[in-house]
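> Got a predicted model here, sequence first, then my questions.
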Amino acid sequence: MTDFLVKRFVKNSGDVTDAKVRERYGTLSGGVGIACNIALFVLKYIIGTFSHSISVISDAFNNLSDCASCVMTLFGYKMAAKPADKDHPFGHGRMEYLTSLTIAVVILAVGLELMKSSVMKIIHPADTVFSLPILISLAISIGVKLWMSVFNTKLGRRINSSVMLATAKDSRSDVLATSAAAAGLILSAVTPLPMDGIMGAAVSLFVLASGFEIVRGTVDLLIGKPADPELCEKIRALVLEDERIIGLHDMVIHDYGPGNKLGSLHAEVRSDEDFSQIHDLVDCIERRIFSELNVRMTIHMDPIDVDNEQVNACKDMVRGVIKQLDERLHIHDFRLVSGETHTNVIFDLVVPFDCRYTDEQLKFYIDTELEKEDKNYYTVITFDRDFQQT
């Protein structure tokens with residue numbers, strides 16, 4: 001069914017990085033969601049009214065709030081598809097993330113309201129009317145929501161959309177909510193306990209947890225999380241494919257929304273290379289990264305003196321020192337600048353965020369160990385952080 005709907009309503013469905021194509025996917029997801037949720041709201045509201053079930057009525061309004069989420073989805077993809085302008089030179093792709101955050105807030109609001117209604121039903125219980133047609137109707141609702149969860153999960157994975165994955169998670173919450181409402185109806189027929197309210201309270205906790213999880217994931221994207229390690233490895237492989245690039249460091253990827261990533265890195269090359277040719281090589285690599293991975297990459301060239309024995313010996317010495325402190329420490333941009341009274345040992349040291357040593361402690365330990373080899377060595381260290389996910 002999903003493939004049929006995509007083929008029917010999404011033109012050029014394979015070009016998932018194109019903003020207009022993503023907008024069509026969003027329109028499909030939102031339209032299907034609105035139609036299904038309105039039908040379920042009407043069904044559950046009628047059922048809940050006749051059965052006097054607060055959990056069923058709450059679940060009905062949960063579906064109505066899902067309609068609002070679907071409208072937000074339509075609006076979010078419409079905004080995200082807007083081209084870059086002078087006020088937003090990197091485009092509007094992050095509107096998808098803001099839409100996810102809005103959906104999460106709606107889910108949290110529904111969870112709080114459901115908790116309030118359930119607690120009141122526990123304090124002031126009322127008779128719940130059970131019937132087989134009501135149970136069948138709830139089973140239909142569960143089936144529809146399961147399908148919607150699968151549908152949005154497939155779309156979300158196909159276009160890497162946090163909005164659709166959040167919508168799919170919301171549908172799974174609805175499955176649990178409706179299942180709990182059905183359980184409350186059944187149990188109310190065999191026990192005097194206010195099972196309707198108890199089941200509603202249990203569901204509200206799950207809904208709240210689901211909303212908080214979406215908030216956390218979306219806020220991470222908005223604040224800035226490390227780039228996907230698989231993407232970084234693909235970029236690394238493309239850069240190092242030519243033997244004239246002998247290393248790379250300082251890779252940074254900025255995410256301005258799905259399909260809109262900018263990046264930069266430093267590529268290490270021999271200092272005796274023809275830099276006109278190397279510049280042409282780097283241009284080709286940048287174009288290839290954009291063509292194959294859809295990342296606009298800027299590459300800076302770092303000349304490395306690979307044949308200087310003194311530099312290599314000192315570099316090996318520093319590497320040996322830092323490996324004793326933390327295996328994850330590594331250096332780049334290493335060079336020696338000799339003067340009349342001392343030799344500057346200049347390099348960048350990449351330190352993990354969770355390293356147990358402070359920058360001052362690291363420098364002190366390195367200086368102490370180098371002084372044992374040569375008292376004229378003086379370190380000039382730039383402390384870096386690794387912006388890639390490990």
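Received the coordinates, thanks. Numbers count the residues shown, from 1 in each chain.

> what bits of the stretch 251-390 of the chain have low per-residue confidence?
Applying pLDDT under 70 to the stretch 251-390 of the chain flags the ranges 258-259, 388-390.

> His332 in helix, strand or coil?
Put simply, His332 is strand when judged by DSSP: H, G, I helix; E, B strand; the rest coil.

> Skipping adjacent residues, who's closest to it in space?
Ranked by Cβ to Cβ, 6 or more residues apart in numbering and with sequence neighbours excluded, the top spatial neighbour of His332 is His249, at 4.2 Å. Yep, even glycine has a C-beta here, placed from its N, CA and C like the rest.

> Straight-line length of stretch 214-231, end to end?
Terminal residues of stretch 214-231 lie 23 Å apart, using Cα to Cα, to the nearest Å.

> can you list contacts of that stretch?
94, 97-98, 100-101, 103-105, 107-108, 162, 166, 169, 251, 253-255, 261, 263, 293, 295, 387-390 (Cβ atoms under 8 Å, 6 or more residues apart in numbering).

> Tell me how far whatever helix or strand Ile140 lives in lies from the chain's centre.
Taking DSSP states H and E as the criterion, Ile140 maps to helix 132-159. Offset of helix 132-159 from its chain centre (Cα atoms, centre = their mean, to the nearest Å): 24 Å.

> Which strands and helices lie in contact with that helix?
Counting contacts by 3 or more Cβ pairs under 8 Å, 6 or more residues apart in numbering; DSSP states H and E, the secondary-structure elements packed against helix 132-159 are helix 2-9, helix 19-51, helix 54-80, helix 162-188.

> before we move on, the earlier item: determine the three-state secondary structure at the residue nearest to His332.
Classification of His249 by three-state DSSP places it in strand.

> Measure how buried it is and give me the count.
Applying the criterion other Cβ atoms under 10 Å, we find 17 residues in the vicinity of His249.

> looking at this protein, which residue ends up farthest from its center?
Glu340 (53.0 Å; Cα atoms, centre = their mean).

> Give me the residue at the spatial middle of this protein.
Using Cα atoms, centre = their mean, the residue of the chain that lies closest to the mean C-alpha position is Leu221, 5.3 Å off.

> re earlier: I'd like to know which of the helices and strands packed on helix 132-159 is closest to Cys284.
Comparing the helices and strands packed on helix 132-159 against Cys284 with Cβ to Cβ, the closest turns out to be helix 19-51 (26.8 Å).

> And the closest one, what's buried?
If you call a residue buried by 16 or more other Cβ atoms under 10 Å, then helix 19-51 has these buried ones: 19, 21-30, 32-34, 36-37, 40-41, 43-45, 47-48, 51.

> Stretch 311-327: which residues count as buried?
When neighbours are counted by 16+ other Cβ under 10 Å, the buried residues of stretch 311-327 are found to be 311, 314-315, 317-318, 321-322, 325.

> Mind checking which of the residues you listed land in helices?
Judged by DSSP state H, the subset of these located in helices is 311, 314-315, 317-318, 321-322, 325.

> thinking again about what came up before, out of the helices and strands packed on helix 132-159, which gets the lowest mean score?
Mean pLDDT is lowest for helix 54-80 out of these, coming in at a mean of 72.

> before we move on, the earlier item: if I've got this straight, the residue farthest from the centre of the chain is in a helix?
No. According to three-state DSSP, the state of Glu340 is coil, so it is not within a helix.

> Which helix or strand contains Leu349?
strand 343-351.

> Sheet partners, orientation included, of that strand?
The sheet places strand 343-351 alongside strand 330-338 (antiparallel), strand 377-385 (parallel), with pairing taken from DSSP bridges.

> on that earlier part again, how much space separates the residue nearest to His332 from Asn260?
In this structure, His249 and Asn260 are 24 Å apart, going by Cβ to Cβ, to the nearest Å.

> Give the helix, strand or coil label for Ala82.
That one is not Ala; residue 82 is Lys. Note that with three-state DSSP, the state of Lys82 is coil.

> Identify the residues contacting Thr73.
Contacts of Thr73 by Cβ under 8 Å, 6+ apart are 26, 29-30, 33, 99, 103, 163-164, 167.

> nearest residue to it other than its sequence neighbours?
Distances taken as Cβ to Cβ, 6+ apart place Gly30 nearest to Thr73, at 4.2 Å, with adjacent residues excluded.

> Name the nearest residue to Gly257, ignoring sequence neighbours.
Leaving out its chain neighbours, the residue that sits closest to Gly257 by Cβ to Cβ, 6+ apart is Gly93, at 1.6 Å.

> Next one: the nearest residue to Leu193 once chain neighbours are set aside from Ala180, what distance?
The shortest distance from Leu193 to any non-neighbouring residue, by Cβ to Cβ, 6+ apart, is to Leu187 (7.7 Å). Using Cβ to Cβ, one obtains 10 Å as the distance from Leu187 to Ala180.

> In terms of neighbours, single out the busier of these two.
Neighbour totals were compared for Leu187 and Ala180, and Ala180 leads with 23 against 17 (other Cβ under 10 Å).

> is it true that the more buried one touches Val203?
Yes. Counting by Cβ atoms under 8 Å, Val203 is a contact partner of Ala180 at 4.3 Å.

> related to what we said a few turns ago, ok, now how distant is the residue nearest to His332 from Pro192?
Taking Cβ to Cβ, one finds His249 at 69 Å from Pro192.

> same deal with Met297?
With the distance defined as Cβ to Cβ, Met297 ends up 68 Å from Pro192.
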